[in-house]
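Undergrad: Mind looking at a prediction? Sequence and model below.
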There are 2 protein chains.
Amino acid sequence: MDEKDLLHELMTNTDDEIKLTPKQAKILQAAMEIFAEKGYASTSTSEIAKRAGVAEGTIFRHYKTKKELLLSIVSPMITKFAIPFFADHFIKEVFEKKENESYEELLRTIIINRFNFVKRNQSLLKILLQEISFHEELQIKFKEIFIGKVYPRFTKLIKQYTEQGEISNDFNPNTVIRLMMTTVIGFIITRFVVMPNHEWDDEYEIEQTIRFIRNGLQ
Amino acid sequence: MDEKDLLHELMTNTDDEIKLTPKQAKILQAAMEIFAEKGYASTSTSEIAKRAGVAEGTIFRHYKTKKELLLSIVSPMITKFAIPFFADHFIKEVFEKKENESYEELLRTIIINRFNFVKRNQSLLKILLQEISFHEELQIKFKEIFIGKVYPRFTKLIKQYTEQGEISNDFNPNTVIRLMMTTVIGFIITRFVVMPNHEWDDEYEIEQTIRFIRNGLQ
DNA sequence: TTTTAAAATGAGTGAGTACTCACTTTTATT
DNA sequence: AATAAAAGTGAGTACTCACTCATTTTAAAA
């Protein structure tokens, strides 16, 4: 898992049987591209149909509304981005390191993992960031996953590392979460959204970011 | 300065004479509100006119296009946000602290200063964040100010503090800028855009953010 | 090969859209 | 009070929008 992009995954189910018709896949691909380029509201269904090489009516055969098309593209992104924080399959891979190992390795694993995920799904991240303010369904899904899944597990981890003395207990756990997340997400957004064309030494930046967080919370 | 909001400032010149007609001010206010609520592309000029209590034609008497109206609202925000980093008037206030004083005070002054600025201009920040991806004029203005004004001064400061030993010289100066800015801007965006309704202890969060940056870069 | 259902089509529809312009009202100047 | 300029108006214009639906094409089953 995690080696394919989200769009490809949307097209196949767990047994790799085809779920979508070829035209439907074309529609998703085209919509994703244009939404990322010019935003959901400025994108017309006729333009999507054109780029997908499909009649406009075909879009509405598969998606009742333009908004439903958007949600079918963006919704999975929210879950997938948060998955290492709650899906058991990933937890073993990401969280279950040798006992008492400093959290540096954990931090590194998470950052690299999410870095590569976003690298493969830059357009989707852009669309998500743009549209989450305007569509309540996305906000609800985000809150649901964050409050229900990510936050509790995160809190537990931080308390654990605070007890082990790796994180100073002067910091409120919520503040620790905020600082960690803005640093990591801030890096990823800077890297892929704000300055995607800058020449980055990714390995170096990741290592420095880890150092910054470790020092910062000590 | 800095005690009034940007919109009010747009309405008056330096001598506090009125530059805009009352209807024009109403248009700016209404446009700002609705752009922040539902985004530029989803906002119709008829709706702006309605909320402003004005005929639709009046908008186009003052602004040739809907886009010109957007730019007249958002453009000043870019300059104003960056002003403490280059306008001489502000530099004295923000940067010229006692010599050899640790940069903690500088950091605090900048954060509090920009925090309060955004507090008074939350809608404008939201619009700026939403629209900068789609309007080249805004990107150009941003780059111009950042590369020409903010970046050089920032680099100089960081080199200075690195020589003084307050910032570890293991960090590349550009990486330091990135880490500092994502932490500060990440805090402000979390505070006012992502979770504006959360109960924040602003003073506490600001102090912890300063600590995090200081520790992180040492 | 015939039947059946799903997929795809694209001209058509009514509700907007940004913007114009001939005209009226308000304000400033003499 | 007369004149000119600026501000404001709103019906009208050409066009685009998301979405519909009767019809045709494709693909799978019998």
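TA: Here it is on my side, so go on.

Undergrad: number of nearby residues for residue A:196?
TA: A total of 11 residues lie near residue A:196 under the criterion other CB atoms under 10 Å in any protein chain shown. C-beta coordinates here come from the backbone N, C-alpha and C atoms, glycine included.

Undergrad: Please name the residues that touch it.
TA: Applying CB atoms under 8 Å, 6 or more residues apart in numbering or on different chains to residue A:196 gives the contacts residue A:122.

Undergrad: Wasn't it part of a strand?
TA: No - going by DSSP: H, G, I helix; E, B strand; the rest coil, the assignment for residue A:196 is coil, not a strand.

Undergrad: confidence score at the residue positioned nearest the centre of chain A?
TA: Centroid-nearest residue in chain A, with CA atoms, centre = their mean: residue A:81, separated by 3.1 Å. If you check residue A:81, the pLDDT there is 92.

Undergrad: can you tell me how far residue A:178 sits from residue B:79?
TA: Using CB to CB, to the nearest Å, we find residue A:178 at a distance of 29 Å from residue B:79.

Undergrad: between those two, which one's more packed in?
TA: More crowded of residue A:178 and residue B:79, by other CB under 10 Å: residue A:178, with 22 against 16.

Undergrad: which SSE is the more buried one in?
TA: Per DSSP states H and E: residue A:178 is located in helix A:173-189.

Undergrad: Following element in sequence after that helix, please.
TA: By DSSP H and E, the next helix or strand past helix A:173-189 is helix A:202-216.

Undergrad: what angle sits between that following helix and helix A:173-189?
TA: Computed by axes from the mean of the first three to the mean of the last three CA atoms, to 10 degrees, the angle separating helix A:202-216 from helix A:173-189 equals 160 degrees.

Undergrad: Please save the CA atoms from helix A:202-216 in CSV.
TA: Output of helix A:202-216 as CSV, limited to C-alpha atoms (Å, rounded to 0.1, in the frame of the first residue of the first chain):
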residue,chain,number,x,y,z
ASP,A,202,14.6,16.9,0.8
GLU,A,203,16.7,14.7,3.0
TYR,A,204,18.5,17.6,4.5
GLU,A,205,15.3,19.6,5.2
ILE,A,206,13.6,16.5,6.8
GLU,A,207,16.6,16.0,9.1
GLN,A,208,16.7,19.6,10.1
THR,A,209,12.9,19.6,10.7
ILE,A,210,13.2,16.6,13.0
ARG,A,211,16.1,18.3,14.9
PHE,A,212,14.1,21.5,15.2
ILE,A,213,11.1,19.7,16.7
ARG,A,214,13.3,17.6,19.1
ASN,A,215,15.2,20.6,20.3
GLY,A,216,12.2,22.7,20.4
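
Undergrad: Low-confidence stretches in chain A?
TA: Flagging of chain A using pLDDT under 70 yields the residue ranges A:1-18, A:89, A:91-101.

Undergrad: swap the cut-off to 80 and go again
TA: Residue ranges of chain A with pLDDT under 80: A:1-19, A:85-102.

Undergrad: So which bits of the helix or strand where residue A:104 lies are buried?
TA: Element membership for residue A:104 (DSSP H and E) is helix A:103-120. Neighbour counts over helix A:103-120 (16 or more other CB atoms under 10 Å in any protein chain shown) mark A:103, A:106-107, A:110-111, A:113-115, A:117-118 as buried.

Undergrad: export those residues to JSON lines and tack on distance to residue B:132?
TA: As requested, the buried residues of helix A:103-120 are arranged in JSON lines below (distance: CB to CB, whole Å):
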{"residue": "A:103", "distance to residue B:132": "35"}
{"residue": "A:106", "distance to residue B:132": "34"}
{"residue": "A:107", "distance to residue B:132": "30"}
{"residue": "A:110", "distance to residue B:132": "29"}
{"residue": "A:111", "distance to residue B:132": "26"}
{"residue": "A:113", "distance to residue B:132": "29"}
{"residue": "A:114", "distance to residue B:132": "24"}
{"residue": "A:115", "distance to residue B:132": "23"}
{"residue": "A:117", "distance to residue B:132": "24"}
{"residue": "A:118", "distance to residue B:132": "19"}
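
Undergrad: for those, which one is nearest residue A:37?
TA: residue A:118 (17.9 Å; CB to CB).

Undergrad: For chain A, what lies in contact range of chain B?
TA: Contacts of chain A with chain B, taken as CB under 8 Å from any CB of the partner chain, map to A:38-39, A:41-42, A:126, A:130, A:133-134, A:170-172, A:175, A:178-179, A:182-183, A:185-187, A:189-190, A:193, A:204-205, A:208-209, A:211-213, A:215-218.

Undergrad: Try it again at 7 Å.
TA: Contacts of chain A with chain B, taken as CB under 7 Å from any CB of the partner chain, map to A:38-39, A:41-42, A:130, A:133-134, A:171, A:175, A:178-179, A:182-183, A:186-187, A:190, A:205, A:208, A:212-213, A:215-218.

Undergrad: now those residues: which count as buried?
TA: Members of those classed as buried by 16+ other CB under 10 Å are A:39, A:41, A:130, A:133-134, A:171, A:175, A:178-179, A:182-183, A:186-187, A:190, A:205, A:208, A:212-213, A:215-217.

Undergrad: Give me the buried stretch members for the helix or strand where residue A:144 lies, please.
TA: Assigned by DSSP H and E, residue A:144 belongs to helix A:136-145. Across helix A:136-145, burial judged by 16+ other CB under 10 Å covers A:138, A:141-142, A:145.

Undergrad: give the contact list for the residue nearest to the centre of chain A.
TA: residue A:117 (CB atoms under 7 Å, 6 or more residues apart in numbering or on different chains).

Undergrad: Quick check, the residue in chain A closest to DNA strand C?
TA: Residue of chain A nearest DNA strand C, by CB to the nearest atom of the strand: residue A:57 (1.8 Å).

Undergrad: ok, that residue - how many residues close by?
TA: Count around residue A:57 with other CB under 10 Å applied: 9.

Undergrad: That one belongs to a helix, doesn't it?
TA: Yes - under three-state DSSP, residue A:57 falls within a helix.

Undergrad: can you list the residues of chain A near DNA strand C?
TA: A:21-24, A:54-58, A:60-62 (CB under 7 Å from any atom of the strand).

Undergrad: Closest to residue B:75 out of those residues?
TA: Lowest distance from residue B:75 to these (CB to CB) belongs to residue A:56, with 36.6 Å.

Undergrad: Provide the backbone phi and psi angles at the closest residue in space to the closest one that isn't next to it in sequence.
TA: Sequence neighbours aside, residue A:49 is the residue nearest to residue A:56 in space, at 4.2 Å (criterion: CB to CB, 6 or more residues apart in numbering or on different chains). Note on residue A:49: backbone dihedrals following degrees, to the nearest 10 are phi -60, psi -40.

Undergrad: Pretty sure residue A:49 sits against residue A:57.
TA: No - at 8.3 Å, residue A:49 does not count as touching residue A:57 under the criterion of CB atoms under 7 Å.
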